[in-house]
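Novice: Have a look at this prediction, sequence included:
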Amino acid sequence: MSAFMQVFEARQSELMVKIWEHFQISIIALVIATLISVPVALVLTRYQRVAEPIIGVAAITQTIPSLAVLAFLIPFFGIGQTPAVIALTAYGLLPILRNTYTGIKEVDPALKEAATGMGMNSFRRLSKVELPIAMPVIMAGIRTSMVLIVGTTTIAALIGAGGLGELILLGLDRGGDINLIILGAIPAALLAILLDVILRMFERTSAKSGFRSLVSLLVIAALIAVGPLAFQGEKRADLVLGAKLGSEPTILINMYKLLIEEESDLTVSLEPNLGKTDLVFSALQQGSIDIYPEFTGTALVTLLEEQADSNESQAVYQQAQEGMQAEYNMAYLEPMEFNNTYAIATTQKFAEQYNLQSIGDLQTIQDQVTAGFTLEFRDREDGYQGMKELYNIELGTVETMDPGLRQGAIEKGNVDIIDAYATASYMNELNLTVLDDPKNLFPPYQGAPLMRQETLDEHPELKEILNQLGGKISGDEMRAMNYQADYEDEDPEDIAREYLVEEGLIEG
C-alpha cells in the first residue's frame, strides 16, 4: 500500500469533516459576496460617475494579503469562521461587482431605447431586458469569485476556521509531508471544479430564466451551507485552549485539557494550529481562547519587547511573568523544564567542511552562507537581527520560509544553516549539528500556560492543576513526543495521555 493511501485511510473521517467545513465557509462567503456585489453594481449602472472609484476600492481589497486581513479582524471578531467569512467575502466582491456592472453596461443601447419606448421605467427595463441579457456575464463573475474563495479558504485554518487548509498546514509543519499536503490540496481543487460545473449549469439556464436563476442559486446555496447550523446548537466549552502551529504546542494543550477535565468539572475544547505568535496572542486578548502555552523568551522579547536581564531560566521567567501581569494583566503559570530555545543548526558535513563550532565561526564564510530562516526569526532581536549585532555577521543570502519547510530545505542542500528549535524532532532525525552560542544571544524558552487574569480569577483551581507540569518534561522527553507526532503520526492526545499516566498525574 502506498504511503498516500495509508495516510488517506488513517484520516478518512477527518477528511470528510474538513471537506464539509471548506465547502460551508466557501459557500457562505460566496453567497454574501453575491448579495452585496450584484445590488451595488446595479445601482452603479444608474450612477456611472461614481462607478469606477467604487470598483477601484473593491480592487484594492484584493491587493491586501489574506493573512493580514485575518490578523486585522481577530481583535474584533476573534478566531473561527466569522472572520474567515468576512475576509473571504471581501476577496470575492471584485469579480462579481465588475462583471455585473460590465454586463449591464454592454447591453445593446438600441434594446434599452426600445424598452423605454414601450413605456418601461428604469426598474422594469432592468428586470425584463438588461438582467436577462447580462446574466451569463454575471454568472461568469460569480464563477471566478468562487474559484478565488475556495482557493483562499485554505488559509482560514490559521485562525481555527477549519477546512482543508488544516491538512495542508499540518503537512507543511511536518517538514513538507507531501502526502498530507496532497490530501488537503486535491479535495480543494476538486471542490472548486465541482462548484464550477454546477455554476456553469446555472449559467446556461440564466439566459432563459434571467434573474430568477440567480435567486434560485443563492437560496439553494444558502440552505445547503447554513441549514445544518440550525440543528447544531453546540454550546461553547467552559475553556477554549489554543496553540500555535506545530506538534509541540498541540501536545501541550492536550495535556492541559486532560488535567483540567480530570481534576475539575470544567469542559474544555481545543483550537490547535492557530498560526504564529501574534495571531494566537491576539486571540487570547480578544477572548476567543482562554489559555495557550507560550515560551518565556517569546513572552519577554516578542510580546513585551524587552531584552532579558539575565539568561538564567528562572530569572527570565520571573521577568516575563511580572511583565505580562503589568503590561497585559495576564497570569503566567509555572514553566516546564525543557528549554525549546532557538539554535543555529547545520549538517555535520557543512560544519566539518568549514570547521564550524560556534555561531561566531560563520563570520569567516558569511558571504558564502545561504541561511533558511523563518520570517519571525529574521526580524527578532533574539534572532538574526541580534545575531548580526552581537556576532558581527551579515550572511550572504537569507531565505525566509515557513517553519515546517526548514528541515526539508537543509536536508536537500538548498540552504546551509537554519534557525531551529532545540526540541524539534527533526534535530535527531537529520542528525543536525548545533552551533554554540557563547555570547548567549538566545534567552531560555520554557513553555508555560498563559491566560488572562480574569480567567484565573474565575477558575482559581487552574493554577494548582496546571502547575503540576511545572518543572516537568525534559528536553529529551519533549523531543521524543514531538517525534512520535511528526514521524510516527501518533495522535497528540494519545501522546499527552501516555505521558501524564506515566507521571501519575492522571489515571490510566
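Specialist: Arrived safely, thanks for sending. Residues are numbered from 1 along each chain as shown.
Novice: which residues in the protein form strands?
Specialist: 239-242, 268-271, 291-295, 330-332, 342-346, 370-373, 397-400, 417-421, 433-435, 447-452 (DSSP state E).
Novice: looking at these, which is buried most?
Specialist: Mean neighbours per residue, mean count of other CB atoms under 10 Å, is largest over the strands of the chain for strand 291-295, with a mean of 27. For every residue, glycine as well, the C-beta is placed using N, CA and C.
Novice: so where's the stretch 351-500 of the chain shaky on pLDDT?
Specialist: Counting by pLDDT under 70, the stretch 351-500 of the chain contains no low-confidence residues.
Novice: Can you identify each of the helices in it by residue range?
Specialist: 375-379, 384-391, 406-411, 426-429, 453-458, 461-466, 475-487, 492-502 (DSSP state H, counting those that start in this stretch).
Novice: I'd like the distance between M336 and I473.
Specialist: Here the criterion is CB to CB, to the nearest Å. By it, M336 lies 5 Å from I473.
Novice: Likewise for P75?
Specialist: Counting by CB to CB - P75 and I473 are separated by 32 Å.
Novice: neighbour-wise, which of those two wins?
Specialist: Comparing P75 with I473 by other CB atoms under 10 Å, the one with more neighbours is I473, at 22 against 13.
Novice: surely the more buried one meets A496?
Specialist: No. Assessed by CB atoms under 8 Å, I473 is found out of contact with A496, at 10.6 Å.
Novice: what about the residue nearest to Y426 when sequence neighbours are not counted, how many residues close to it?
Specialist: Once flanking residues are discounted, Y426 sits nearest to Q407: 4.0 Å by CB to CB, 6 or more residues apart in numbering. When neighbours are defined as other CB under 10 Å, Q407 has 24 of them.
Novice: E507 now?
Specialist: 7.
Novice: Report the contact partners of it.
Specialist: 262, 501 (CB atoms under 8 Å, 6 or more residues apart in numbering).
Novice: Backbone dihedrals for it, please?
Specialist: Main-chain torsions, E507, degrees, to the nearest 10: phi -80, psi 150.
Novice: Excluding residues flanking it in the chain, which one is nearest E334?
Specialist: G470 (2.9 Å).
Novice: Now the phi/psi pair for that neighbour, please.
Specialist: Dihedral pair for G470: phi -60, psi 130, per degrees, to the nearest 10.
Novice: would you turn the strands of the chain into TSV with distance to G165?
Specialist: Formatted as TSV, those follow (distance: least, CB to CB, whole Å):
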stretch	distance to G165
strand 239-242	17
strand 268-271	14
strand 291-295	20
strand 330-332	29
strand 342-346	27
strand 370-373	23
strand 397-400	20
strand 417-421	23
strand 433-435	32
strand 447-452	25
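Novice: Which of those strands sits closest to I25?
Specialist: strand 268-271 (15.7 Å; CB to CB).
Novice: Partner strands of that closest one and their direction?
Specialist: strand 239-242 (parallel) (DSSP bridges).
Novice: and the partner strand, average pLDDT?
Specialist: In this model, strand 239-242 has an average pLDDT of 96.
Novice: Restricting to C-alpha, output it in CSV.
Specialist: Only the C-alpha atoms of strand 239-242 are listed here, as CSV (Å, rounded to 0.1, in the frame of the first residue of the first chain):
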residue,chain,number,x,y,z
LEU,A,239,-12.5,26.8,28.5
VAL,A,240,-11.0,27.0,25.0
LEU,A,241,-7.3,26.2,24.8
GLY,A,242,-5.4,27.4,21.8
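Novice: residue contacts, the residue nearest to E334?
Specialist: Listed by CB under 8 Å, 6+ apart, the contact set of G470 reads 333-336, 448.
Novice: And for S288?
Specialist: By CB under 8 Å, 6+ apart, the contact list for S288 reads 74, 78-80, 160, 240, 242, 271.
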